[in-house]
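Novice: Based on what follows, work out the 3D shape:
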Amino acid sequence: MGSGVVSWLMRIGESKPDSAHDPVDNLAIFIILLCACIIILGLGTGITLLVLTGGKSSNILVFDVELFFTYFLPPIIFNARLQVKKEHFFKNLMDIMLFGAFGTLISFFITSFDINFVFYTAIGAIFSATDSICTLQVLNQDELPLLYSLVFGEGV
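Specialist: Residues are numbered from 1 along each chain as shown. Modelled structure (predicted):
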């Protein structure tokens, strides 16, 4: 693996005409520089927080769940609602309802099987209702309109 990286870096240094530059090389350089900038920014922020707090544990950057659910999540859901193509959604409404009802019930029973019934059934219901949101992030609405509208509707 080391020799492959070295040969790749040597190819980058070779002089080529502008039209012969490999776009993969340019993208790789961009990603490497972006990662380096993120690491340097993270190290700088961490060192600054350590110096300011005297080396003790800092609670400056703590994730506030209530803040997220109150202010950040509603605009995300509202934006997803505006992005969906309504004709695909309403054309497949019956399938969406079936997927939503039966999928949630199946996921609920699988998740909450053979554990403390009261506490973990609530967890199973929550997990089964939010799994489709992750799927929507990888689907392209223009390429797969039927699948996108079914998953979006089931998630809603």
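
Novice: okay, now the domains of the protein?
Specialist: 2-53, 65-155 (automatic domain parsing).

Novice: Deepest-packed of these, please.
Specialist: Counting by mean count of other Cβ atoms under 10 Å, domain 65-155 has the highest mean neighbour count of these, with a mean of 14. The C-beta positions use only the backbone N, C-alpha and C, and glycine is treated the same way.

Novice: Centre of the chain to that one, how far?
Specialist: Here domain 65-155 is found 14 Å from its chain centre; the criterion is Cα atoms, centre = their mean, to the nearest Å.

Novice: could you pull out the helices for the protein?
Specialist: 2-13, 23-53, 65-67, 73-83, 86-91, 93-111, 117-138, 145-155 (DSSP state H).

Novice: Against which helices or strands is the third one packed?
Specialist: Counting contacts by 3 or more Cβ pairs under 8 Å, 6 or more residues apart in numbering; DSSP states H and E, there are no secondary-structure elements packed against helix 65-67.

Novice: Can you list the low-confidence ranges for this protein?
Specialist: 1-21, 58, 60-61, 111-112, 114-115, 121, 123-134, 138, 155-156 (pLDDT under 70).

Novice: For residue 83, give me its contacts.
Specialist: residue 141 (Cβ atoms under 8 Å, 6 or more residues apart in numbering).

Novice: if we can go back for a sec, which one of the helices of the chain lies nearest to residue 59?
Specialist: helix 23-53 (9.1 Å; Cβ to Cβ).

Novice: Check which helices and strands the closest one is in contact with.
Specialist: helix 2-13.

Novice: still on that earlier bit, got a markdown table for the domains of the chain, with distance to residue 59 too?
Specialist: Putting the domains of the chain into a markdown table (distance: least, Cβ to Cβ, whole Å) gives the following:
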| stretch | distance to residue 59 |
| --- | --- |
| domain 2-53 | 9 |
| domain 65-155 | 14 |
